[in-house]
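Novice: model the structure of this input:
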Amino acid sequence: MVGGKDRPTLKLKDMEEKHLHNLFLKNMSGLIEEVKNPTPRLNPNSACGGMATHAGLALELGITRKKSLSPQMEAILIWCQCRTREYDNVQIRDFTQSWANGLAFAALIHNFFPNAFDYRALRVDTPQDRMKNYELAFATGEKFAGVPDFLTAEDMGGMVQENRIDPKMIFSYVQEVYRMCNEL
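Specialist: Prediction:
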């Protein structure tokens with residue numbers, strides 16, 4: 001937000017994490033609305049949150065945009081990147097392989113419930129380690145936030161083992177995490 005005479009200038013780096021995410025999602029909602037109902041913008045400083053605003057915010061946050069996704073999927077992907085960017089060994093780039101070892105799920109849930117488990121103790125060396133990561137993340141999300149368990153550790157383990165991770169399943173689960181946890 002650019003400050004006028006009587007308005008302070010707000011810098012993204014000075015914002016609290018929750019407000020930063022809400023600003024991003026507000027801009028994304030404008031982008032999604034613009035994609036659905038495109039209208040010409042006579043005012044380049046419009047607060048509608050069009051593509052330029054979204055791209056600028058993603059750039060300033062240092063997050064990866066995935067233009068091949070729908071606007072809704074891209075918004076949730078970037079939200080996940082924002083929420084997990086401080087976690088070791090987590091680089092969310094898609095709704096498939098980025099989630100395969102379970103650390104992305106665990107980091108996303110741990111972001112909201114940091115006292116629920118020790119993220120640093122998680123391992124990914126064996127299929128059993130990955131299964132434990134899924135179980136821990138899904139059980140914690142369900143217990144503390146009521147995230148539905150329609151994606152299970154067994155589902156994820158099977159998809160990874162068969163090399164057929166379903167991005168719609170991952171997206172649907174993560175969208176529920178967003179819905180249940182974002183206002184915490």
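
Novice: rest of the way, CA atoms for contacts and neighbours
Specialist: Will do.

Novice: now do the helices in the chain.
Specialist: Per DSSP state H, the chain carries helices over the ranges 17-36, 51-61, 71-84, 103-112, 127-145, 153-161, 167-181.

Novice: pull the number of nearby residues for residue 163.
Specialist: Neighbour count for residue 163, taken as other C-alpha atoms under 10 Å: 12.

Novice: next: residue 91.
Specialist: Neighbours around residue 91, by other C-alpha under 10 Å: 18.

Novice: contacts only, for it.
Specialist: Applying C-alpha atoms under 8 Å, 6 or more residues apart in numbering, we find residue 91 in contact with 81, 84-85, 98, 104.

Novice: pull out the buried members of those residues.
Specialist: Buried by 16 or more other C-alpha atoms under 10 Å: 81, 84-85, 104, out of the contacts of residue 91.

Novice: looking at those, which is nearest residue 69?
Specialist: residue 81 (14.7 Å; C-alpha to C-alpha).

Novice: which residue is the nearest non-sequential neighbour of the closest one?
Specialist: Computed as C-alpha to C-alpha, 6 or more residues apart in numbering, the closest residue to residue 81 that is not its neighbour in sequence is residue 92, at 5.8 Å.

Novice: list phi and psi for the one you found.
Specialist: Main-chain torsions, residue 92, degrees, to the nearest 10: phi -90, psi 110.
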